[in-house]
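Participant: here is my input; please provide its structure:
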Amino acid sequence: MLLLSTNPRDTRRLNPSDTRDIVKSVTDILGRMSFDGDDLDDAIDSLEDMGEKAEELHGENEVPIVDLFTDDFMEAHTDFGSLDEFFEQSPWEVESEQDIEAIPQDEMDDYVAENTDFPHTDGMTSKAGSEWAAKQLGFSRK
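Facilitator: Predicted structure coming up:
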């Protein structure tokens, strides 16, 4: 379970199980590839590093909300260029994590459905968590 945070005192919960899926996918892909000497050693080293990073990600992690919903993520999946813009254009006054938590879930889900690629907040958060985990494991350069 990931914990989202806008600052060290504020957190929200996220439940992605994607870290193991990502590692399994890469392991499957590498298993189908052929390597020569040094290439194989490099692949093994990379997998070991990835395994260590996956172990670090397993369990609870604090992730600042701005690291989860990056500008790249927001541009790719929403009608906005940033998380700030997402909330500035919303019908709510959002200055803190508590303000976000005070928004009724059905209203937030409606806003997300109208302005993003996702049908509800959980889908958006899950995708952002998957992308964050992939970055932590070295699968994404952004």
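Participant: before we move on, what SS does Ala76 have?
Facilitator: Classification of Ala76 by DSSP: H, G, I helix; E, B strand; the rest coil places it in helix.
Participant: that one - how many residues pack around it?
Facilitator: 12 (other C-beta atoms under 10 Å). Yep, even glycine has a C-beta here, placed from its N, CA and C like the rest.
Participant: show me what contacts it?
Facilitator: By C-beta atoms under 8 Å, 6 or more residues apart in numbering, the contact list for Ala76 is empty.
Participant: separation between it and Glu93?
Facilitator: According to C-beta to C-beta, to the nearest Å, Ala76 and Glu93 sit 26 Å apart.
Participant: how about Thr116?
Facilitator: From Thr116 to Glu93 the distance is 20 Å (C-beta to C-beta).
Participant: between the two, which is the more surrounded one?
Facilitator: Neighbour totals were compared for Thr116 and Glu93, and Thr116 leads with 19 against 9 (other C-beta under 10 Å).
Participant: quick one: pLDDT of the more buried one?
Facilitator: If you check Thr116, the pLDDT there is 97.
Participant: quickly list what it is bridged to.
Facilitator: Bridge pairing for Thr116 (DSSP bridges) gives the partners Thr78.
Participant: surely it meets Leu83?
Facilitator: No. Counting by C-beta atoms under 8 Å, Thr116 does not reach Leu83; the two are 11.6 Å apart.
Participant: count of neighbours near the closest residue to Ile103 other than its chain neighbours?
Facilitator: Leaving aside its chain neighbours, Ile103 sits nearest to Trp92 (5.5 Å; criterion: C-beta to C-beta, 6 or more residues apart in numbering). Using other C-beta under 10 Å, Trp92 has 14 neighbouring residues.
Participant: and Trp92, which of the three is it?
Facilitator: coil.
Participant: surely it meets Gln98?
Facilitator: No. Between Trp92 and Gln98 there is no contact under C-beta under 8 Å: 11.8 Å.
Participant: mind checking how far Ala102 is from Ala76?
Facilitator: Here Ala102 is placed at a distance of 28 Å from Ala76 (C-beta to C-beta).
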